[in-house]
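K.L.:
Sequence plus predicted model, see below.
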Amino acid sequence: AGRHDPVLLRVAAVVCLAAGPLFAVGVTPWLVSSLGAALLALVVWIRAPELLHRLSPPWGMAVVVMVLFGVVQVALSLGGQGVLDALAGTGEGPVGLLRVAGVGAVTGNVVNNLPAFIALEPVAGDGPGRLVALLIGTNVAPVITPWGSLATLLWLHRVRAAAVPVTGRAVLAQGATVAVVAGGGAVTALVLVA
């Protein structure tokens, strides 16, 4: 195997490390993502243009996630926000934290973790405990369904591109185990420190 280009690695690392703080300070996610992707494409074009021919962006996955965002927004505008408010409940006690994490986990596995978090963020309120519980629910537990997490979708895209056989049953079984152990452990830890 050939040597990897350390400049490409450093640029990719900087883009990844910069994304989190930029999101945190309120820069629009699509802008951060678009600028990061453009910078990475430019550096690859300059340093290793032959790689551009081997790249296969997951365009179908991107379209599916955009459609899911649209569906969630339509559902919210048609009264879905009230339903989510009722399901997620209130309070920062153990029951309230478990409830909002559970609603986040179920919603993330049904529609995808990114639109689920955006839809549920208003029901988390201003309490930091509820927001952390929602983050756990929408980011740890949505590994049960193949579409529940953007990371799982990206992983499946790469696995299929490498012609590695993976069954839906295996994804469901292993994802459920991870969701229960990691998600349950994280929520338990949150309840103990809250």
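P.N.:
Arrived safely, thanks for sending.
K.L.:
C-alpha only now, for contacts and for neighbours.
P.N.:
Noted.
K.L.:
any low-confidence regions in the protein?
P.N.:
The model of the chain has pLDDT under 70 over residues 1-3.
K.L.:
burial of Gly183, as a residue count?
P.N.:
24 (other CA atoms under 10 Å).
K.L.:
Same check on Ala163?
P.N.:
9.
K.L.:
Tell me the spacing between it and His157.
P.N.:
Per CA to CA, to the nearest Å, Ala163 is found 10 Å from His157.
K.L.:
to the chain's geometric centre, what's the distance from the helix or strand hosting Val14?
P.N.:
Assigned by DSSP states H and E, Val14 falls within helix 6-24. In terms of CA atoms, centre = their mean, to the nearest Å, the gap separating the centre of helix 6-24 from the centre of its chain is 17 Å.
K.L.:
What residues of it count as buried?
P.N.:
The neighbour-count check on helix 6-24 (16 or more other CA atoms under 10 Å) flags 8, 11-12, 15, 19 as buried.
K.L.:
Dump those into a markdown table; add distance to Ala88 as well.
P.N.:
Output for the buried residues of helix 6-24, formatted as a markdown table (distance: CA to CA, whole Å):
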| residue | distance to Ala88 |
| --- | --- |
| Leu8 | 44 |
| Val11 | 41 |
| Ala12 | 38 |
| Val15 | 35 |
| Ala19 | 29 |
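K.L.:
who does the helix holding Val14 touch, helix- and strand-wise?
P.N.:
On a contact count with 3 or more CA pairs under 8 Å, 6 or more residues apart in numbering; DSSP states H and E, helix 6-24 meets helix 29-47.
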